[in-house]
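**Q** Sequence plus predicted model, see below.
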Amino acid sequence: MKERIFIAKAKEEVNMQEFIRKHFSTAKVGDIEIQKTPIMTRIVLHTTTPGLIIGSGGEKIREITDMLRDKFKIDNPQIDVQKIDDANLDAAIVAKSLASQIESGVNYRRLGNFYLEKIMRSGAVGCEIVMSGKLSGERSRRDRFVAGYVKKSGELAKQHVRKGFAVANPKLGNIGVSVQIMVDYPQSIANSVRKITEPVPKAEEAEPAKPEAAEEGKRE
């Protein structure tokens, strides 16, 4: 019973987040946090364009608040809009930007490497970008671009890793874009992270490494 309730709540949160993103499709919306308490539901919208979310005199905030109350039966929704200082560290915005440029015809490998470097130079601990679908032909494939250190599971991942996903719709077929950015880490694992991270990010792609590069890797 508890498991069903948990799944239902998680599904409702995902539906609510998708609804908000669609409503503000012209704005750059990053993470959406939903915090439920006995007296209210607090919804935190992270965005680089707070003016487009709030509207003149708070008109758009009042509109989306009423819509959420009616559609999701929320008694007291409170929306908090927070400005994103660096869009390169918001996984949702990066994923959306990547998907948009893939649709514009920019080479996906070039995009993957470009955004990986931008993210790492913005101060990320680590980043993983995964693109899957019809990337360069009729057959579906998957390419992965990684740099630094990214925790994949556990409490550490929940607290320090930002995740984003978007779907590009180019002519060849849909391409899923998944982005994970580790923005910081607790001091307790600082030494381990320093050993793993590199000053210059490198991209890991779905292509065989050149013999010279492989030999260098062995010597390291």
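**A** Right, received. Where do you want to start?
**Q** in this protein, which residue is closest to the centre?
**A** Gly164 (2.0 Å; C-alpha atoms, centre = their mean).
**Q** Surely it forms part of a strand?
**A** Yes - applying DSSP: H, G, I helix; E, B strand; the rest coil, one finds Gly164 inside a strand.
**Q** and the next element down the chain from the longest helix along the chain?
**A** The longest helix of the chain (DSSP state H) is helix 2-23. Sequence-wise, the next helix or strand downstream of helix 2-23 (DSSP states H and E) is strand 29-36.
**Q** Next, the spatially closest residue to Asp80 that is not a sequence neighbour: phi, psi?
**A** Once flanking residues are discounted, Asp80 sits nearest to Val44: 4.8 Å by C-beta to C-beta, 6 or more residues apart in numbering. C-beta coordinates here come from the backbone N, C-alpha and C atoms, glycine included. With angles defined as degrees, to the nearest 10, Val44 sits at phi -100, psi 120.
**Q** Show me what Val44 is bridged to.
**A** With DSSP bridges as the criterion, Val44 is bridged to Glu33, Asp80.
**Q** Any figure for the gap between Ile175 and Phe145?
**A** Here the criterion is C-beta to C-beta, to the nearest Å. By it, Ile175 lies 14 Å from Phe145.
**Q** Which residue of the two possesses the greater neighbour count?
**A** Neighbour count, other C-beta atoms under 10 Å: between Ile175 and Phe145, Phe145 has more, with 26 against 21.
**Q** Would you check that the more buried one makes contact with Leu116?
**A** Yes - with contact defined as C-beta atoms under 8 Å, Phe145 counts as touching Leu116 (4.9 Å).
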